[in-house]
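K.L.:
Curious how this folds, go ahead:
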Amino acid sequence: MAGIRRTMSLTGFAMPNRANLLALLCVSLAVICSACNQNQEPSPKKPEVTSPNVAASVSPQATESANKALLDEANAAGRWFHAKKTRPIWAKRLEAAQTVKTLEGEEQVAAGHYLCKGEAGDIWPQTEKDLHKRYTATDEVAADGWRKYQPHPDAQGVLATPIDHPFEVHATWGQLTGKPGDFLVKNFQDRETAYPTDVWIVDQTLFRQTYGTVPVSL
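P.N.:
Below is the predicted model:
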């Protein structure tokens, strides 16, 4: 028919133009991809990985924070005074870690540290470094292995303050409990430190028996 363009194959069928052919190919590819996605198994979700040390680690700042309210009270009261040990002690090195029951509570002591014993039989732990810094070993050794130590004449001593109510201290060795009138104690070298990490409790009776007040230098 005149004016009408026709494209015929050799067999007599109409041949699709290029645009129709491309559209047909796109539809076919979409059908094939859809079928592949339905047959593919979903990838398993990877578990979240967390560091096991984040919650378990305890920093010195944690001890400072636990004692902050008590230290704030003691610092505000302004009753810290300088004292030094005046009586001998006995000490024995621990070959294995153990839990020690002191007057102020149970304390965890590692192997290699020392147990110290006062004249009244009171027990407390101490590191080897602190023991030798504060005391001098003698040749007197008991049958059960306790060695006698005398207070070192050059030891700096401690700062102490009485607490007038029941209180608790989170010390490096464990949680300690004090009675009204017992002493909160810190190392003299921490005299300018508001929140030292190393603080402990000394029973009021034992403190008066075994410590002496250092006169204030003018």
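
K.L.:
all contacts plus neighbour counts: C-alpha atoms, from now on.
P.N.:
OK.

K.L.:
Quick one: mean pLDDT over stretch 80-96.
P.N.:
Averaged across stretch 80-96, the pLDDT comes to 96.

K.L.:
Where does the prediction get shaky in the protein?
P.N.:
1-64, 217-218 (pLDDT under 70).

K.L.:
which one's the longest strand in it?
P.N.:
strand 135-141 (DSSP state E).

K.L.:
Contacts made by that one with the rest, please.
P.N.:
147-152, 155 (Cα atoms under 8 Å, 6 or more residues apart in numbering).

K.L.:
and with 7 Å instead?
P.N.:
The contact list for strand 135-141 (Cα atoms under 7 Å, 6 or more residues apart in numbering) reads 147-152.

K.L.:
any chance of those residues in JSON lines, with distance to Phe183, neighbour count and secondary structure too?
P.N.:
Compiled in JSON lines, these are given as follows (distance: Cα to Cα, whole Å; neighbours: other Cα atoms under 10 Å; DSSP: H, G, I helix; E, B strand; the rest coil):
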{"residue": "Arg147", "distance to Phe183": "27", "neighbour count": "19", "secondary structure": "strand"}
{"residue": "Lys148", "distance to Phe183": "25", "neighbour count": "21", "secondary structure": "strand"}
{"residue": "Tyr149", "distance to Phe183": "23", "neighbour count": "22", "secondary structure": "strand"}
{"residue": "Gln150", "distance to Phe183": "22", "neighbour count": "16", "secondary structure": "strand"}
{"residue": "Pro151", "distance to Phe183": "20", "neighbour count": "20", "secondary structure": "strand"}
{"residue": "His152", "distance to Phe183": "22", "neighbour count": "19", "secondary structure": "coil"}
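
K.L.:
all strands of this structure, in order?
P.N.:
Using DSSP E, the strands of the chain run over residues 81-85, 89-93, 98-102, 105-109, 114-117, 123-126, 135-141, 147-151, 158-162, 167-170, 175-178, 183-187, 199-202, 211-213.

K.L.:
Leu70 is nearest to which of the ones you listed?
P.N.:
Leu70 lies closest to strand 167-170 among those, at 8.0 Å (Cα to Cα).
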